[in-house]
Structures are given as structure tokens and as C-alpha cells.
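Enquirer: Return atomic coordinates for the entry below.
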Amino acid sequence: MIELIGTSHIAEESLEEVKQKINETNPKIVALELDPGRYQSLKTGGKGEKPKNPILMIISFLQEQLSLETGIKPGTEMLEASKAAEKLDIPVALIDQDIKVTAKKIGGISLLEKTKLLAYLTVGLLFPLSSMEIDLNKVPEEELVEEMTLRLKIAFPNLYQALIKERNQIMSQRLLELERRYGKVLGVVGAGHIKGLKEELRERSINQQA
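Expert: Residues are numbered from 1 along each chain as shown. A predicted model of the protein is given here:
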């Protein structure tokens, strides 16, 4: 059985939710939306090597700026999930694609899409989400997450493919491998991945049964 919990990487609500979920469900393994490099960077307070990709750097900067509103460093909920699992002697798996691979794929999108995206991100620097009526301390409602993900898919199809779709494909495959080995798996991933991951898991499960 695979169960997923969607988080916000800067929301205080997610810190308690992941710990509560692990304690309540007592999974055989906890799978995190991280790769070894990002996991090590989180554990060392961001001192690890970071991909020199301008788009990822701006996205990271925007996330850092929003985190100033909540006081929660991006990715803290992943560390809390890891700690909660360790307390219960539950192993932890890192299921995300290597961030360097993701960065390379994003670097390969068209110049037109990059230019358009950089313009959008610049607007984000000038008019951050913190100025909108969104409670950054909570995980956004499912409908809002799906709407934002759909907008990304329509406006930036190649970025969506590299940043969301391909990672969902990789994470779903790794989750299924963990399920076969451990049985009961809890996946801790960003809320923006939940719908796509469920679709990938459903499709892969059907294909494996055929």
C-alpha cells in the first residue's frame, strides 16, 4: 500500500502533519521527495553544492523570500519527516530525481519559453505571493494547487515536463518498487506532485497487471 501526504515546503502546518502521519500510520518505510544532494544540503543548512541554473536559482530565491514570512526554511518538513521516521526506526528512502539532472533538463527548454518564464519570475519578485490572500503557514487547498499546476502546464509545457511530469514518473516508479519490497509506504511530497503522482501510480499499476 502506498499513501501520500502533500506538503508545503515553507508551511508550519506541514511540520506537524508529517510527524502526525508517520506516527499514526506507522509505515514500513518513509519516501521523501528528495535526492541525496538536496537531502545533504538540508542537513547541513544549505551548504551543499547547488546547480548553477538561473531558473532554479530564481525559484529558490522566491521560495526563500516567502519563507521569511513563515519563519520556516524550505524543506524543513522533509527533515522533520526524516527525524520522525528515525525515532520509530523506520527507514527513509530518497525517491526524487537528481537535482543536477532536473537542472540540465530545464536548461534545455526553448529560449522563448525561458524568456517568458524569466519575465513571470521577475513579476514574482516584484509582487510575491505573500502580498496575496494566501496563508503561507498552511498547505494550499487542493483545488488551488491543481489550478496553479494546470496554469504552469499550459503556459510553460516544457518546464512542466522537466520540473513536474518527469519527476512524477521517476518517483512513482520508485514508490512502486518500495511497495513491492516493504509493503506499506508513506510518500512525503510537495502538494503540487500529489495529483500527478496518483495518476502515474494508477497507470503503472494497471500496466503491471495487464
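Enquirer: residues contacting the spatially most central residue of the chain?
Expert: Closest to where the C-alpha atoms of the chain average out (Cα atoms, centre = their mean) is Gly190, at 3.6 Å. The contact partners of Gly190, taken as Cβ atoms under 8 Å, 6 or more residues apart in numbering, are Gly6, Thr7, Ser8, His9, Glu33. Any C-beta I mention is one placed from the backbone N, CA and C, and that applies to glycine too.
Enquirer: tell me the mean pLDDT over stretch 157-174?
Expert: For stretch 157-174, mean pLDDT is 94.
Enquirer: in this structure, which spans are helices?
Expert: For the chain, helices defined by DSSP state H occupy the ranges 12-25, 36-43, 54-70, 76-87, 99-107, 111-126, 142-155, 157-160, 166-182, 194-209.
Enquirer: Distance to Ala93 for these - can I get that in a markdown table?
Expert: Formatted as a markdown table, the helices of the chain follow (distance: least, Cβ to Cβ, whole Å):
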| stretch | distance to Ala93 |
| --- | --- |
| helix 12-25 | 13 |
| helix 36-43 | 11 |
| helix 54-70 | 23 |
| helix 76-87 | 10 |
| helix 99-107 | 17 |
| helix 111-126 | 31 |
| helix 142-155 | 24 |
| helix 157-160 | 25 |
| helix 166-182 | 6 |
| helix 194-209 | 15 |
